[in-house]
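*Asks:* the sequence and its predicted three-dimensional model are supplied below.
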Amino acid sequence: MRLAAVSATASAGVVGVFGTRLPHNFFLQQTLHLWYILPRMEWKWEMHTPEPGLNNRERIRVTINKLGTIYLNASAFKALGHPEAVLLMFDRRRHTIGISGAPANHKQAILMKLKSGDGSGGRCIYARTFCKDFDIHPTETFVFPEATINRDGILLLNLNAVKPSSRKQNR
């Protein structure tokens, strides 16, 4: 009884786009056609080459958010030499922020705060006035994928090479 109902429905045909009638086996034909062609398509694979050596925790990761807070992960903090405070610098020509370690009693030093709650050992630099003074206005949280330490021990953050951070923010 059930089989007869299915046969009757299948023989009635299917209405396609613009009200056209499709043959009762239209979808079967299309499926067989794809089954025949897909395995014979030529694949053009491109290999992914991971960056050598460093895992995510060992890489320097620095972000800046719309409030002007600069976050250094533990690797960036370590690369600066575990300083008590930092000096913030800006090169207008290269549009690059420079961060250098400094003693806490230095006249222009900014103290860093331990990033609370995540246990990562990262540090926060509250740089709202720095950003305001140098007309830096992030519209969201950005990551500096090319953050590096130069031979003078300065962490270089190129504002021309930022990318939106993919990590979810609480703000």
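*Replies:* Good, I have the coordinates.

*Asks:* hey, let's count contacts and neighbours off CA atoms from now on
*Replies:* Noted.

*Asks:* pLDDT averaged over stretch 94-104 - what is it?
*Replies:* Per-residue pLDDT values over stretch 94-104 give a mean of 95.

*Asks:* CA-only coordinates of that stretch in CSV, if you can.
*Replies:* Coordinates of the C-alpha atoms in stretch 94-104 are reproduced here as CSV (Å, rounded to 0.1, in the frame of the first residue of the first chain):
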residue,chain,number,x,y,z
ARG,A,94,56.7,54.6,10.0
HIS,A,95,53.4,54.7,12.0
THR,A,96,54.9,52.3,14.5
ILE,A,97,54.6,52.1,18.3
GLY,A,98,57.8,51.2,20.2
ILE,A,99,57.7,49.7,23.7
SER,A,100,60.9,49.5,25.7
GLY,A,101,61.5,48.1,29.2
ALA,A,102,62.3,50.7,31.9
PRO,A,103,62.7,50.9,35.7
ALA,A,104,59.5,52.0,37.5
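
*Asks:* what residues of it count as buried?
*Replies:* 96-102, 104 (16 or more other C-alpha atoms under 10 Å).

*Asks:* contacts for it, please.
*Replies:* Under the criterion C-alpha atoms under 8 Å, 6 or more residues apart in numbering, residues 80-91, 109-111, 153-160 lie in contact with stretch 94-104.

*Asks:* recalculate using a threshold of 6 Å.
*Replies:* 80, 83-90, 154-159 (C-alpha atoms under 6 Å, 6 or more residues apart in numbering).

*Asks:* those, buried ones only, as a PyMOL selection?
*Replies:* The following PyMOL line selects those of those that are buried, judged by 16+ other C-alpha under 10 Å:
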select buried, resi 80+83+85+86+87+88+90+154+155+156+157+158+159
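
*Asks:* in the contacts of stretch 94-104, find the pair that's most separated.
*Replies:* With distance counted by C-alpha to C-alpha, no two of those lie farther apart than Glu84 and Leu159, which are 24.9 Å apart.

*Asks:* returning to what we had before: return the item of the contacts of stretch 94-104 having minimum pLDDT.
*Replies:* Here the lowest pLDDT out of these sits on Glu84, with 92.
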